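**Q** Quick one: sequence plus predicted model below, questions after.
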Amino acid sequence: MTPATPFPAAGLAVSPSMASLRPRTVSRPMRRPGGSGTGRRRLLWASAAVLVVCGLLVWWLRPSPSPAPGGKITFATGVRTGVYERYGTLFKKRLDRDLPRVDLTLQHSEGSVQNLGRIVSGEADFTITASDALAAYQEKGGKDASHIRACARLYDDYMHLVVPRDSPVDSAEDLKGLRVGVGEKRSGVALVTRRLLKAAGLDMDHDVHAVRKGIDRMPDLLSAGELDAFFWSGGLPTGAIERLAERTDIRLVQLGDLLPRLHEQRPDMRYYRAAVMAPDAYPTVQRGRSVKTVAIANLLVTMDRTDAALTEGITRSVIKSRDQIGREVHAAQKVDLRTAIYTDPVPLHEGARRYYRSAKP
């Protein structure tokens, strides 16, 4: 019999077979204060702190957003009842919403030529002008001509030659000796009318009785029999001519045959292009007939000194307002992001460039 092994704690004897059932002691490493759980928590807190610091640093270093443009500006339009004037009125309403800190004042004028003088002198900040008037101003070396900048190409003006329905006039050559409305002295209408008459072999100062009135007066004078015909350059349709047609039976005389001779006059005549007034431009006047004529692009312009952020905002509003304004001024429907950048003969303003670079067709 195998001797028993004494059990010191209880004073009992334990056999070797029972000894194998004795619990074994497992050696474990001592856990130090701040063990693995605490370390992970410290690591997480440190990472979070780094992220916060980096975020604050980025926020601190990033450029501050520029405040929305504000202040008082003036927009030169055109004669009352003309397309420029109506466009300016509708654009002001849109700008009040798009740039509420900008206080826009509209300024009536005789037209394109006077408008250029006003932005150069600082009387106006923005205006609409015809591209031929702008090219003529550059050609004669007008003051600060090289500092004029464009925001957008807007829409085309179409040359109208309006006569009573029973008039014997069938072409511009037939106007010799007649009383002809030629537009106000500093208007784009007067500029192109002189050139068209020259292409027709007539001198505006000697071969016709030139009546220097605008679209706000010429329809009434024709209706009253005080004019035999008048020229007008405007978007389609021009409201003043629509209203004239409601009370007077009138016709539109074609001018398309003058284009070749017009282009022969000087190199800057390239701004005139062949165009057709579709029958639905003035349905009651044209009676299903198209009318060949001459068209000229209109530009929205300013000076290079004009604030870039303001110009960017104005340009954005012009493009975005196309549909809204176009419901009342049909010509404005032609404003298009893809063609607005073609502003020959002047370059785009830097603020306008910013907008077009950021905009998507």
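**A** Structure's in. What do you need? Numbers count the residues shown, from 1 in each chain.
**Q** Report the central residue of the protein.
**A** Nearest to the geometric centre of the chain sits Val318, at 3.3 Å (CA atoms, centre = their mean).
**Q** Tell me the gap between the strand ranked longest in the chain and the middle of its chain.
**A** The longest strand of the chain (DSSP state E) is strand 148-164. Taking the mean of its C-alpha atoms, strand 148-164 sits 16 Å from the chain's own mean (CA atoms, centre = their mean, to the nearest Å).
**Q** Can you list the buried residues in it?
**A** 148-164 (16 or more other CB atoms under 10 Å). From N, CA and C alone the C-beta is placed, and that goes for glycine too.
**Q** Can you show me the helices along the chain?
**A** For the chain, the helices defined by DSSP state H cover 16-19, 36-61, 83-98, 112-121, 131-139, 188-199, 218-223, 239-247, 259-265, 283-286, 308-320, 322-326, 350-358.
**Q** Which of those has the highest mean neighbour count?
**A** Counting by mean count of other CB atoms under 10 Å, helix 188-199 has the highest mean neighbour count of these, with a mean of 24.
**Q** quick one: contacts for Ala229?
**A** Leu161, Val162, Val163, Ser167, Val169, Leu175, Leu178, Arg179, Val180, Gly181, Leu222, Val253 (CB atoms under 8 Å, 6 or more residues apart in numbering).
**Q** so what's the first one scoring on pLDDT?
**A** Read that as Leu161. The model reports Leu161 with a pLDDT of 98.
**Q** Might you list the low-confidence residue ranges for the stretch 101-250 of the chain?
**A** Within the stretch 101-250 of the chain, the set of residues satisfying pLDDT under 70 is empty.
**Q** one step back: isn't the residue nearest to the centre of the chain right up against Tyr155?
**A** No - look at Val318 against Tyr155 with CB atoms under 8 Å: they stay out of range, at 11.1 Å.
**Q** Overlap in contacts, the two.
**A** In contact with both Val318 and Tyr155: Val335, using CB under 8 Å, 6+ apart.
**Q** Quick check: Val329 touching Glu85?
**A** No - assessed by CB under 8 Å, Val329 is found out of contact with Glu85, at 10.0 Å.
**Q** Just the CA trace of stretch 236-251, in PDB.
**A** Presented in PDB, the C-alpha positions along stretch 236-251 are these (Å, rounded to 0.1, in the frame of the first residue of the first chain):
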ATOM      1  CA  LEU A 236     -38.900  91.000 -82.100                       C
ATOM      2  CA  PRO A 237     -41.600  91.900 -81.500                       C
ATOM      3  CA  THR A 238     -41.300  95.500 -80.500                       C
ATOM      4  CA  GLY A 239     -44.400  96.400 -78.400                       C
ATOM      5  CA  ALA A 240     -44.700 100.000 -79.900                       C
ATOM      6  CA  ILE A 241     -45.100  98.500 -83.400                       C
ATOM      7  CA  GLU A 242     -47.600  95.900 -82.200                       C
ATOM      8  CA  ARG A 243     -49.700  98.700 -80.700                       C
ATOM      9  CA  LEU A 244     -49.400 100.900 -83.800                       C
ATOM     10  CA  ALA A 245     -50.700  98.000 -85.900                       C
ATOM     11  CA  GLU A 246     -53.800  97.800 -83.700                       C
ATOM     12  CA  ARG A 247     -54.900 101.300 -84.900                       C
ATOM     13  CA  THR A 248     -53.100 101.800 -88.200                       C
ATOM     14  CA  ASP A 249     -52.800  99.600 -91.200                       C
ATOM     15  CA  ILE A 250     -49.000  99.300 -91.800                       C
ATOM     16  CA  ARG A 251     -46.400  97.300 -93.700                       C
END
